[in-house]
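Asks: Pasting a predicted model and its sequence here:
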Amino acid sequence: MIRKTRLYTPGPTPLLPAAQFAMAAADMHHRTPEFRALLLKVLAQLKVFVGTRNEVLLLASSGTGAMESAVTNLTSPGDPVLILSAGKFGERWEGIAKTYGCEADVVRAPYGETFDLDEVRAAIRPGHKVLYMQATDTSTTARHNVEGVAKLLKEASGETLLVVDGITGLGTTLFDVDGWGIDVLIGGSQKAVMIPPGLAYLSVSDRAWAAMETAKTPRFYFDLRKERKNQVKGESAYTLPVALVAGLGGALDYIASQGGGDLEKGRMALIDNAEVNAAATRAGLAALGFTLFAAKSPAAAATAVSVPEGMNSGEVIKALKARFGIVAANGQGEMMGKIFRVAHLGFFDYLDTVALLGAMEHIAKDTLGMPVRYGEAVAAAQQVYAEAMNAAQPALAAR
Ligand SMILES: *Cc1c(COP(=O)(O)O)cnc(C)c1O
């Protein structure tokens, strides 16, 4: 039978056709009025997409480059920082902070869980220059309470900067960036904005700009003050990937179209879309008898599922690909073989969820030998979808 390839991975995610056309047409030099106009338009759209009055910058790198810039630009060697770590991406903050000589205090939670806010409160010290965390740790698919942590920082000295890796949080979770006081919020192109890897974006608060005046860690390529000087004029210090910038503009136009031309509304529609697809996926997989890996604090970005004891999640991933062309993600590090992960962020629709669950019914029965009645996962998802559409959110149903 024909098998279409379908990405269900939490980055890279499926590409938006309109963005692909925009990329193919972007035969442009980066020091021209055409590109300057494009870059200024995309930066203005990104501000709305991130939901902030703070300046937003684009960097030519994967998401980790922007994470590194949030350490090198804001700290000096020896600075105490606080890291919230509950997965591979939390551990990435630890790795970067150590590399640049920060004195890192770490609050941990087990994989699949989120942080106890009392523990976070107890760990905060006035001397901490920055608190680094994820909005969602994609390796476990747990969602973290950014608003709660932001409040704790305000109640404490109020001097610690808050840096959030929102690389899978943006487009799946609502942030009140300016109200809560998120000083740096980081996103990546291969996640909710539906284009290939290669661009990172980040919003930077006035407090964070001020901190850069005294931060002494060496930096060259990721010098945010230099980028700012250029990008306010539609320039960049070095060559930006022009095609990706054009694709990003196309994707943000599409997201705006989902809100009837209003990007702010379109962003909400994208978040609702991820929430409903995530809830339907969880209901469907639970109906089949799977255990959700981050059941207590699940992200809308992606869902991690444990396979039954004695089974290897690699078998599920292999069978999904071989039989249905579905590309799912394995667990990372110690979670490899124990969980598989499927994404909902970006260009996924409800029927993608139904398709995945239909496939999972076959895999659960044939690959894992679980007792399955065909239709039960799909039916559970349909129930969630129907309730969401009927719920007290007529706006959501109409989108
Ligand atoms: C994808 C991702 C990153 C960035 O990874 P890159 O490979 O550098 O793009 C960082 N944090 C989270 C939570 C992610 O999901």
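Replies: Thanks, I have the structure now. Bear in mind the structure is a predicted one, so any value in this text is a computation, not a measurement.
Asks: Find the nearest non-adjacent residue to R3, please.
Replies: Spatial nearest neighbour of R3, chain neighbours left out: G325 (3.6 Å); criterion: Cβ to Cβ, 6 or more residues apart in numbering. (Each C-beta comes from the backbone N, C-alpha and C, glycine too.)
Asks: so how many other residues sit close to G187?
Replies: When neighbours are counted by other Cβ atoms under 10 Å, G187 registers 27.
Asks: That one should be in a strand, yeah?
Replies: Yes - read with DSSP: H, G, I helix; E, B strand; the rest coil, G187 is one of the residues of a strand.
Asks: So it versus the ligand, what's the distance?
Replies: Counting by Cβ to the nearest ligand atom, to the nearest Å, the gap from G187 to the ligand is 10 Å.
Asks: how close does the residue nearest to R3 get to A380?
Replies: Distance of G325 to A380, computed by Cβ to Cβ, to the nearest Å: 24 Å.
Asks: Look at these two and report which has more neighbours.
Replies: Neighbour totals were compared for G325 and A380, and A380 leads with 20 against 15 (other Cβ under 10 Å).
Asks: mind checking pLDDT for the residue nearest to R3?
Replies: In this model, G325 is scored at 98, pLDDT.
Asks: Isn't it up against M1?
Replies: No - between G325 and M1 there is no contact under Cβ atoms under 8 Å: 9.9 Å.
Asks: Pull up the gap between the nearest residue to D116 once chain neighbours are set aside and the ligand, please.
Replies: The shortest distance from D116 to any non-neighbouring residue, by Cβ to Cβ, 6+ apart, is to A109 (7.2 Å). Between A109 and the ligand the computed distance is 15 Å (Cβ to the nearest ligand atom).
Asks: contacting residues for A109?
Replies: L84, S85, A86, F115, D116, A142 (Cβ atoms under 8 Å, 6 or more residues apart in numbering).
Asks: Of the residues you listed, which ones also sit close to the ligand?
Replies: Contacts with the ligand within the contacts of A109, counted by Cβ under 6 Å from any ligand atom: none were found.
Asks: Redo the residues you listed as CSV? Include neighbour count.
Replies: Shown next, in CSV, are the contacts of A109 (neighbours: other Cβ atoms under 10 Å):
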residue, neighbour count
L84, 25
S85, 21
A86, 25
F115, 22
D116, 11
A142, 27
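Asks: Cross-reference those residues with the helices and report the matches.
Replies: Judged by DSSP state H, these include no members of helices.
Asks: mind listing which of those residues are in strands?
Replies: Residues of the contacts of A109 located in strands (DSSP state E): L84, S85, A142.
Asks: separation between the residue most central in space within the chain and the ligand?
Replies: For the chain, T168 is the residue whose C-alpha lies nearest the centre (Cα atoms, centre = their mean; 0.7 Å). Distance, T168 to the ligand, using Cβ to the nearest ligand atom: 4 Å.
Asks: Tell me the pLDDT of the closest residue to F35 other than its chain neighbours.
Replies: Nearest residue to F35, sequence neighbours excluded (Cβ to Cβ, 6+ apart): M28, at 5.2 Å. M28 carries a pLDDT score of 95 in this model.
Asks: for M28, what are its contacts?
Replies: E34, F35, L38, V242, A246.
Asks: May I ask which of those has the most neighbours?
Replies: That'd be A246 among the contacts of M28, by other Cβ under 10 Å, with 24 neighbours.
Asks: Please report phi then psi for that residue.
Replies: Dihedral pair for A246: phi -60, psi -40, per degrees, to the nearest 10.
Asks: ok, so what distance separates it from the ligand?
Replies: Using Cβ to the nearest ligand atom, A246 is found at 20 Å from the ligand.
Asks: what about the closest residue to that residue other than its chain neighbours, how many residues close to it?
Replies: The shortest distance from A246 to any non-neighbouring residue, by Cβ to Cβ, 6+ apart, is to A26 (3.6 Å). Neighbour count of A26, defined by other Cβ under 10 Å: 19.
Asks: can you list the domain ranges for the chain.
Replies: Under the assignment automatic domain parsing, the domains of the chain span 6-12+262-398, 17-257.
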